Every structure is written in structure tokens, then in C-alpha cells.
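**Q** Structure here, sequence nowhere to be found:
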Ligand code: HEC
Ligand code: HEC
Ligand code: HEC
């Protein structure tokens, strides 16, 4: 029993290392050319990165590539949303109860519905 848990832990740790190593291509390259106000610097204070999400979770693209043109052509690359589409962009995760529950069951998933009926939502959307 304990042996199984141990093996499971090792596999989890190994995959975590793999993910962060792959993620580094987005992060390292961006950090290299951006000044301190660039996304890869600012994002270190962001709740998503602190909770283990990466650039790819929001922007998509293949983190193993080392050229931005290839990243743009790679599967799932979403780029940057138009500012008017940002609430919908956030809601693609935050309004998905199954996805959110896997990460943090205590968070509500009705923010976007509420936002749409608020004065901000009515003005923007
Ligand atoms: C080899 C360097 C490099 C890597 C690796 C890289 N980027 Fe970029 N990225 C850039 C540069 C440079 C720009 C600025 C636009 C330009 O001039 O091409 C950029 C622009 C962007 C933009 C702005 C929108 C756009 O399409 O121009 C986003 C979003 C982005 N990168 C996300 C990512 C993500 C996510 C990854 C990993 C999957 C990644 N980048 C990997 C260099 C890189
Ligand atoms: C929680 C989701 C999220 C994560 C994680 C995230 N981004 Fe973004 N990113 C966004 C959104 C939303 C915008 C558009 C912001 C706006 O319109 O002002 C954006 C904008 C950008 C831009 C364009 C900035 C500009 O001035 O036009 C770049 C480049 C970028 N992100 C790169 C990255 C990189 C590199 C990472 C990882 C270090 C990352 N992002 C992580 C959501 C995210
Ligand atoms: C790729 C999916 C994804 C996207 C896109 C996304 N988020 Fe999140 N967000 C999460 C997850 C997952 C958590 C919970 C992390 C945890 O607690 O483990 C979270 C947590 C948060 C929290 C902290 C909530 C709390 O009380 O702990 C805020 C605030 C937040 N997100 C705002 C935003 C905003 C604003 C946007 C759009 C700019 C956005 N998110 C886009 C996945 C996402």
C-alpha cells in the first residue's frame, strides 16, 4: 500500500518537473526580451501562476517550441483576447464548474452570469 503511494508520488513529482521544464520556454524567452513591466515579470505576482498554472493554460500553444512563429502556428494557441472579450476569456475557465472544482471547489462559478447583468457588463458587452 505504502509502496504504491510512494510510486504514485514519484510519478506525480516527475510529471510536475516535466511540466515546469516545458513551460520554461515561454517564460525564459519572454523574460529575456521583456523589461520589468512585461507579462512574464508581472505574472509572478499573479494568483494563477502562484497556484501552478502556466502561460499555456491561458494562451495555449506548444511550450516545447523555441520560436514564437512556431508557437503561433502550434495547436491550441489562442493569442491575446481583445479587451472586450477578456471577461469571456476569464469565464472560459471560471464558469466551468467541473474544471474549477478540480482546482478549488470553494470558488463560485457564476461570476460571469452576474457580471453580464451588472452595469459594467451591460456597458461593455
Ligand atoms: C523564442 C522566444 C519565445 C518563445 C519560446 C515564446 N515566445 Fe511568445 N513572444 C515572443 C516575442 C518576441 C513576442 C513579441 C511579438 C513578436 O515580435 O513576435 C511574443 C509574443 C507573444 C504573445 C502576444 C501575442 C502574439 O501572438 O504576438 C503571447 C500571448 C505570447 N507570446 C505567448 C507565448 C506563449 C504562451 C509561449 C509558450 C507556449 C511563448 N509565447 C513562447 C517570444 C517568444
Ligand atoms: C490567467 C490567464 C493568463 C496567464 C496565466 C498568462 N496570461 Fe498573458 N494575458 C492574459 C490576458 C487576459 C491578456 C490580455 C490583457 C489585456 O488585454 O490587457 C494577456 C496578455 C498577454 C500579452 C500581451 C501583452 C500586451 O501588452 O499586449 C503577452 C505577451 C502575454 N500575455 C504573455 C504571457 C506570458 C509569457 C505568460 C506566462 C509567463 C502569460 N501571458 C500568462 C492572460 C494570461
Ligand atoms: C486557464 C483557466 C483560467 C483562466 C483563463 C482564468 N483563470 Fe482565474 N483561476 C483559475 C483557477 C484554476 C483558479 C484557482 C486556483 C486555485 O485556487 O487553485 C483561479 C483563481 C482566480 C482568482 C483567485 C480567486 C480566489 O478567491 O482565490 C482570481 C481573482 C481569478 N482567478 C481571476 C481571473 C481573471 C480576472 C481572469 C481573466 C483575466 C482569469 N482568472 C482567467 C483559472 C483560470
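**A** Arrived safely. Bear in mind that the values here come from a model prediction, so they are computed numbers and not experimental data. Ligands and ions are numbered 1, 2, ... in the order given.
**Q** Can you tell me the centre-most residue of the chain?
**A** When CA atoms, centre = their mean is applied to the chain, the residue found nearest the centroid is residue 57 (3.0 Å).
**Q** Would you agree it is in contact with residue 48?
**A** Yes: counting by CB atoms under 8 Å, residue 48 is a contact partner of residue 57 at 7.1 Å. To be clear about C-beta, it is placed using only N, CA and C from the backbone, and glycine gets the same treatment.
**Q** residues from the chain in reach of ligand 3?
**A** Contact residues (CB under 6 Å from any ligand atom) of the chain with ligand 3: 47-48, 51, 53, 57-58, 86, 89-90, 92-94, 103-104, 107.
**Q** Could you list every helix and strand in contact with the helix or strand containing the residue nearest to the centre of the chain?
**A** Here residue 57 sits within helix 55-59, counting by DSSP states H and E. Helix 55-59 sits against helix 2-33, with contacts defined as 3 or more CB pairs under 8 Å, 6 or more residues apart in numbering; DSSP states H and E.
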